[in-house]
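# Fold the following, please.
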Amino acid sequence: MMVLILWSVLAGLAALLGLLRWRVVYHTRARRRVLSAACHPQPPLPPPAVSIIVAARNEERDIETCVRSLLAQQYPDYEVIVVDDRSTDRTPLLLRTLAEASRGRLKVITVTDLPPGWFGKCNALREGVAVARGDWVLLTDADCRHESPLTLRAAVGEALHSKADLLTMTPPFRMPTLWERLIQPVCVMTLMTWFRPTRVNNPNRATAFANGMFTLIRRPLLETLLRDGRMRNVLNEDIRMARLAKETGYRLRVVEGVDLYTTRMYGTFGRAWRGWSRLFCGCLETVPRLLVTLLMLVVYGVLPLIGLLTALGGAWRAGEGRSQWWWLGLAAGWLLLWAGQALVDGPVYRSLGAPARWAWGFPLGAAVTMGMVLHALLQVLGLAGTTWRGTTYRRGAVQPAADAPCAPEAVSCTPATQSPAFRVSDRGGGVFTRDRSRG
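Here you go, the predicted model:
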């Protein structure tokens, strides 16, 4: 009987958390800003120059599609800059071919060394900004596919209309496999629990968020953030960028894109595990936040399924009698709670690119996400390393990844003392060689 009472209390707590979460989801979706190609059909007058920067490492699967979709943008004044960050696959060859065919619209920078004190992507962005000429800079990833030729026009128009200094856009995801539909929405929703757009868009709130897949930022602001070294050695440069910008009084804006661009974040389960663990580690940062996240995933995500199975097992063991009906009633309660969660989360799944029916799989996705959060917790405690862009990071130290053929030398997180050698294309297109270490 005590076990039945305990599970009844747990069901009540899960139901209370579900109601609170329903209120948050409803409030957030009611006030979200949905951006589409139709929102800003005409470019702003006068149109500010925009530099699009893509930091790419071993992106032979996606880089051609990404770059071609960027070169197809219908915007009066923009350039595309791709920073090839020590790639060891066919990425350099594909970029060279694209640059030669772009008629000067694509510039390619090839980073060959990681300078002391800098993490890979942060350094790649620094090198890209050094040759950018735009008033605004769009930071996007190689696994993004810009579905509309009006994506850049809509983003710039929205940033100017809302008087934002940094605008970030969340996308629908391409999730062709079963495991992606189970895991990706849960990971995204877990992260966004801490970074609600309504709070980010409120200048009176400290909550700051930026999505590295699509961040449009004023170039002077980005140059300042990169110049002072506060972003040189962070695992999540987008979140750090947003926090620093908001702390100094700049205006952030988060919007939800619907028909502008899509992305497939991770093509394999192994990459998803490493990638999401890094994101949880870099975004949540502290042990208390990670523990609270684990608790939320247990109570809201995994507990309804465990409670339902436990109640059904209890009814089967109880046989005929009053306790069996109590157990069956408890099972019905857990099932209703699970169904209510699926109804609440269904529209969110749909906006993320998965059919709403996949919300019924939330408990399974939550179980896997718990493992990723636990791995992130070990990383924060220094008990596990983080491999990112061919380099492994642990407790502030940087070392080459075991599986990276051309990994950089081991360095520690100290201020940079030299610039790397790199190749950069000129403004007329093509590629030439320049060694910055020689001036």
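# Now do the strands in the stretch 251-400 of the chain.
In the stretch 251-400 of the chain, the strands defined using DSSP state E, counting those that start in this stretch lie at 252-257, 261-263, 386-388, 391-394, 397-400.
# which one of those has the lowest average pLDDT?
Of all the strands of the stretch 251-400 of the chain, the minimum mean pLDDT falls on strand 397-400 (a mean of 44).
# For the residue most central in space within the chain, give its distance to Pro185.
Central residue of the chain (Cα atoms, centre = their mean): Asn211, 5.4 Å from the mean position. Distance of Asn211 to Pro185, computed by Cβ to Cβ, to the nearest Å: 15 Å. Bear in mind the C-beta positions are built from the backbone N, C-alpha and C, glycine included.
# do the same with Leu125
Distance from Leu125 to Pro185, by Cβ to Cβ: 28 Å.
# do you know how far the nearest residue to Leu235 once chain neighbours are set aside is from Leu20?
Take Leu235 and drop its neighbours on the chain: the residue closest to it by Cβ to Cβ, 6 or more residues apart in numbering is Gly282, 3.6 Å away. Separation of Gly282 from Leu20 (Cβ to Cβ): 27 Å.
# Those two - which one has more neighbours?
Gly282 (21 against 11; other Cβ atoms under 10 Å).
# Surely the more buried one is in contact with Asp238?
No: using Cβ atoms under 8 Å, Gly282 makes no contact with Asp238, being 9.2 Å away.
# for the residue lying closest to Ile53 once chain neighbours are set aside, what are its contacts?
Leaving aside its sequence neighbours, Ile53 sits nearest to Gly128 (Cβ to Cβ, 6+ apart; 3.9 Å). By Cβ atoms under 8 Å, 6 or more residues apart in numbering, the contact set of Gly128 is 51, 53, 55, 81, 83, 109.
# so where's the stretch 251-400 of the chain shaky on pLDDT?
Residue ranges of the stretch 251-400 of the chain with pLDDT under 70: 321, 385-400.
# In a strand, the residue nearest to Ile53, correct?
No: assessed with DSSP: H, G, I helix; E, B strand; the rest coil, Gly128 is helix; it does not lie in a strand.
# so what pLDDT did Leu216 get?
97.
# ok now do the nearest residue to the residue nearest to the centre of the chain once chain neighbours are set aside, which residues does it touch?
Nearest residue to Asn211, sequence neighbours excluded (Cβ to Cβ, 6+ apart): Thr168, at 4.5 Å. The neighbourhood of Thr168, defined by Cβ under 8 Å, 6+ apart, consists of 209-211, 214-216, 238, 242, 252-255.
# Kindly recompute the last result at 6 Å.
Neighbouring residues of Thr168 by Cβ atoms under 6 Å, 6 or more residues apart in numbering: 210-211, 215, 254.
# Let me have the residues you listed in a markdown table, extended by distance to Met265 and secondary structure.
Shown next, in a markdown table, are the contacts of Thr168 (distance: Cβ to Cβ, whole Å; DSSP: H, G, I helix; E, B strand; the rest coil):
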| residue | distance to Met265 | secondary structure |
| --- | --- | --- |
| Ala210 | 16 | coil |
| Asn211 | 11 | coil |
| Thr215 | 16 | strand |
| Val254 | 18 | strand |
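# Looking at those, which is nearest Trp179?
Distance to Trp179 across those (Cβ to Cβ) is lowest for Asn211, with 22.3 Å.
# can you tell me how far that closest one sits from Leu4?
Using Cβ to Cβ, Asn211 is found at 45 Å from Leu4.
# all helices of the stretch 301-439 of the chain, in order?
Listed in chain order, the helices of the stretch 301-439 of the chain (DSSP state H, counting those that start in this stretch) span 303-318, 322-352, 362-380.
# and the ones you listed, which is most packed in?
Most buried of the helices of the stretch 301-439 of the chain by mean neighbour count (mean count of other Cβ atoms under 10 Å) is helix 362-380; its value is a mean of 21.
# what's next to that helix, contact-wise?
182-183, 186-187, 190, 276-277, 280-281, 290, 293-294, 297, 301-302, 305, 384, 386.
# Which stretches in the stretch 101-250 of the chain count as helices?
120-131, 151-161, 178-194, 197-200, 219-227, 237-247.
# helices or strands up against the third one?
Helix 178-194 sits against helix 322-352, helix 362-380, with contacts defined as 3 or more Cβ pairs under 6 Å, 6 or more residues apart in numbering; DSSP states H and E.
# which SSE is Pro48 in?
Assignment of secondary structure by DSSP states H and E places Pro48 within no helix or strand.
# ok, the closest residue to it other than its chain neighbours - contacts?
Distances taken as Cβ to Cβ, 6+ apart place Asp135 nearest to Pro48, at 4.2 Å, with adjacent residues excluded. Asp135 sits next to 48-49, 219 when contact means Cβ under 6 Å, 6+ apart.
# Wait, Leu106 touches Glu79, no?
No: using Cβ atoms under 6 Å, Leu106 makes no contact with Glu79, being 8.1 Å away.
# okay, these two: which has more neighbours?
Taking other Cβ under 10 Å, Leu106 and Glu79 do not tie; Leu106 has more neighbours (25 against 19).
# residues touching that one, list them.
Counted by Cβ under 6 Å, 6+ apart, Leu106 has contacts 80, 98-99.
# same deal with Ala384?
Leu378.
# and the gap between it and Met372?
12 Å.
# for Asp228, same thing?
Taking Cβ to Cβ, one finds Asp228 at 32 Å from Met372.
# nearest to Gly270, of the helices of the stretch 101-250 of the chain?
Between Gly270 and the helices of the stretch 101-250 of the chain, the shortest separation by Cβ to Cβ is 11.1 Å, and it involves helix 178-194.
# That closest one: which residues count as buried?
For helix 178-194, the neighbour count (16 or more other Cβ atoms under 10 Å) marks 180-193 as buried.
# would you turn these into CSV with distance to Leu378?
Below are the buried residues of helix 178-194 laid out as CSV (distance: Cβ to Cβ, whole Å):
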residue, distance to Leu378
Glu180, 24
Arg181, 27
Leu182, 23
Ile183, 19
Gln184, 22
Pro185, 24
Val186, 20
Cys187, 17
Val188, 22
Met189, 23
Thr190, 17
Leu191, 18
Met192, 23
Thr193, 21
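# Reformat the residues you listed as CSV; add distance to Gly157 and pLDDT.
Formatted as CSV, the buried residues of helix 178-194 follow (distance: Cβ to Cβ, whole Å; pLDDT from 0 to 100):
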residue, distance to Gly157, pLDDT
Glu180, 32, 95
Arg181, 33, 95
Leu182, 36, 94
Ile183, 34, 95
Gln184, 29, 95
Pro185, 29, 95
Val186, 33, 96
Cys187, 30, 96
Val188, 26, 94
Met189, 29, 93
Thr190, 31, 94
Leu191, 27, 92
Met192, 25, 90
Thr193, 30, 89
